[in-house]
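> Okay, sequence plus prediction incoming.
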Amino acid sequence: MMLSSLPSRRTFLLAGVLPFFGANLANTVLAAPTSMTRRKQAKSAILIWLSGGASHIDTWDMKPDAPAEYRGSFKPIPTSVPGIQLCEHLPHLAKQAHHLAIVRSLGDQGRGTGDHHAGYYYNLTGHAPDRTFHQLLNARTPYPTDWPSIASVVAAKRPRIPHLPSAITLPQKEDAPQYTRPGQFAGRLGIEFDPLFVDGSREKPLDFQVPALALSGDVTVEQLEDRRALLGQLDRVRGLAEQSAVNREFRIHQRKAFTLLAAKSTREAFDLRKEPPAVRERYGPGINSMSMLLARRLVEAGVHFVTVFWKGDKELDKLCNSGGGWDTHANNFTCLKDRLLPEFDRPFAALLDDLHQRGMLESTLVIVTSEMGRKPKIGDLRSGGTSGAGRDHWTACQSVLLAGGGIRGGQIFGSSDKRAEFPNQNPVGPEHIAHTILHAMGIDDLHAIDREGRPFHLMEDGRPLTELF
């Protein structure tokens, strides 16, 4: 490949996306389980994040005996497990309830702010938001000193995967026009453990774009080596000191990116067209369906942690005052019934059944959660009160779905009160869920080294919910 004497725009783009590649370079040795009997460990995890805050009282913690101004118009239906009911608009998931453990007693214990940024941070890291969240609310941006996401902890603690990042996030990085949601990143662990972010669109749901992969096309390994030499020249032009921390980090990402680019198997893992049409049909159309299918392909390829952030719809934003996702401040019931629940129900049920049929569910932990629940009493002042039929933010109580990865299906853990306002039996916080995920993946040694070389403990609060296994 002939190269001009000046670096091309494509080269600068390639260099610019390198920091997104998370690589585990620590070669961490997993600690043995603390119990006397060695338990099975999940090889991978898939986290489905219902961006905006899904209504627990309208989905998996319904209260049919509550007053009408709380319970709303939805009816519960029986599931594959006697005694467990789900919303009538989740018929596919109802058939897969025997795989589910539903935690109905999760709350922020008064440690949150009642808004999105703190909810993201608390539920993605397992650490309560600090005072800066209370001061800045949704203007609080990610800090290098933040606690790492659960995905980043897994990336740091699990052995490196040849040709693939340990943690991948799709189909978007969670942000908003003015800021980026905290809690998604590696924080104090260092950017080498940030997830790789993969872009997807509603317009082309089969075409996911990994920045470095998209730039590579069908170039040969020899051409990649030419790019490596060119990037080496760029280092010298920039005058980076050989031993500087910035240069060392850049070279880590550079090596990871070139390894990734050179692997044909990596490109194939992202190619959904290799799936039989009948499989794609089971999951259904759309970006969120294809994101769940891609998550299955990635864990099948060996990725340790895949996070699927729900991709919102701008048209839904106008109807629900929701940002396009699950933040249903207005028309909560219409938006759930006609759009959100059907768009979630079919692919998620297909994912559980697909993993089960392939013999992968026992080794793959699946989690569904979000930054908050919705206010059980119907009516949000921002959308006209009761007449607007919306539900406001509610961080005091929400539910989490868990399946696979050694979790015993067909069970309910904890409960909320009669109106789903507060946890009742077995109240837990996001730190307990974080511990449970790490425990399922065999990560019991929670000592780590921060980006400054100082030792610290990753999770001091909470405990794993071993009763679920």
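That came through fine.
> give me every residue that touches F422.
Neighbouring residues of F422 by CB atoms under 8 Å, 6 or more residues apart in numbering: 107, 396-397, 416. C-betas here are computed from N, CA, C, even on glycine.
> Same question for A167.
Counting by CB under 8 Å, 6+ apart, A167 touches 22, 151-152, 154-155, 193-196, 303-307.
> Point out the least confident one among those.
Least confident entry in the contacts of A167, by pLDDT: G22, with 34.
> Return the closest of the contacts of F422 with respect to P67.
Using CB to CB, S416 comes nearest to P67 of those, at 15.1 Å.
> my guess is that closest one contacts M62, does it?
No - contact criterion CB atoms under 8 Å: S416 and M62 do not qualify, at 10.6 Å.
> ok, these two, which is more surrounded?
S416 (26 against 21; other CB atoms under 10 Å).
> Show me what the more buried one is bridged to.
Per DSSP bridges, residues listed as beta-bridge partners of S416: P423.
> Where does pLDDT dip in the chain?
Across the chain, the ranges flagged by pLDDT under 70 are 1-39, 177, 211-263, 265.
> Find the centremost residue of it, please.
T307 (3.0 Å; CA atoms, centre = their mean).
> Report the residue ranges of every domain in this protein.
20-47+62-97+107-208+281-468, 211-269 (automatic domain parsing).
> all helices of the stretch 201-350 of the chain, in order?
Per DSSP state H, counting those that start in this stretch, the stretch 201-350 of the chain carries helices over the ranges 211-216, 221-238, 245-261, 264-269, 277-283, 287-301, 314-320, 332-335, 341-357.
> repeat for the stretch 51-200 of the chain
Here the stretch 51-200 of the chain has its helices, by DSSP H, counting those that start in this stretch, at 68-71, 91-94, 116-125, 131-136, 150-157.
> Any chance of these in JSON lines with distance to T334 as columns?
Shown next, in JSON lines, are the helices of the stretch 51-200 of the chain (distance: least, CB to CB, whole Å):
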{"stretch": "helix 68-71", "distance to T334": "16"}
{"stretch": "helix 91-94", "distance to T334": "18"}
{"stretch": "helix 116-125", "distance to T334": "22"}
{"stretch": "helix 131-136", "distance to T334": "32"}
{"stretch": "helix 150-157", "distance to T334": "33"}
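> so how far is stretch 130-141 from its chain's centroid?
Distance of stretch 130-141 from the chain centroid (CA atoms, centre = their mean, to the nearest Å) equals 21 Å.
> buried ones in it?
For stretch 130-141, a neighbour-count test (16 or more other CB atoms under 10 Å) marks 130, 132-133, 138, 140 as buried.
> Over to stretch 97-106?
Residues of stretch 97-106 classed as buried: 97, 99-106 (neighbour count, 16+ other CB under 10 Å).
> picking that back up, quick one: which of the buried residues of stretch 130-141 is nearest F208?
Nearest to F208 out of the buried residues of stretch 130-141 is N138 (CB to CB; 28.1 Å).
> distance between stretch 164-176 and the chain's centre?
A distance of 8 Å separates the centroid of the chain from that of stretch 164-176, by CA atoms, centre = their mean.
> ok, now how distant is G286 from K311?
Look at G286 and K311: by CB to CB, to the nearest Å, they are 8 Å apart.
> Now do the shared contacts for the two.
Counting by CB under 8 Å, 6+ apart, the contacts common to G286 and K311 are R202.
> who's more crowded, those two?
Using other CB under 10 Å, the more surrounded residue of G286 and K311 is K311, with 21 against 15.
> measure that one to F348 for me?
As judged by CB to CB, K311 and F348 stand 14 Å apart.
> and what of V81?
Distance from V81 to F348, by CB to CB: 16 Å.
> Counting neighbours, go ahead and name the busier of these two.
Legend: neighbour count by other CB under 10 Å for V81 and F348, higher for F348 (24 against 19).
> which residues touch that one?
Per CB under 8 Å, 6+ apart, neighbours of F348: 48, 92-93, 292, 368.
> what does S80 give?
Contact analysis of S80 by CB under 8 Å, 6+ apart lists 94-98, 410.
> In TSV: those residues, plus distance to R160.
Output for the contacts of S80, formatted as TSV (distance: CB to CB, whole Å):
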residue	distance to R160
A94	40
K95	38
Q96	33
A97	37
H98	36
G410	36
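> and S399, that one's in a strand?
Yes - counting by DSSP: H, G, I helix; E, B strand; the rest coil, S399 falls inside a strand.
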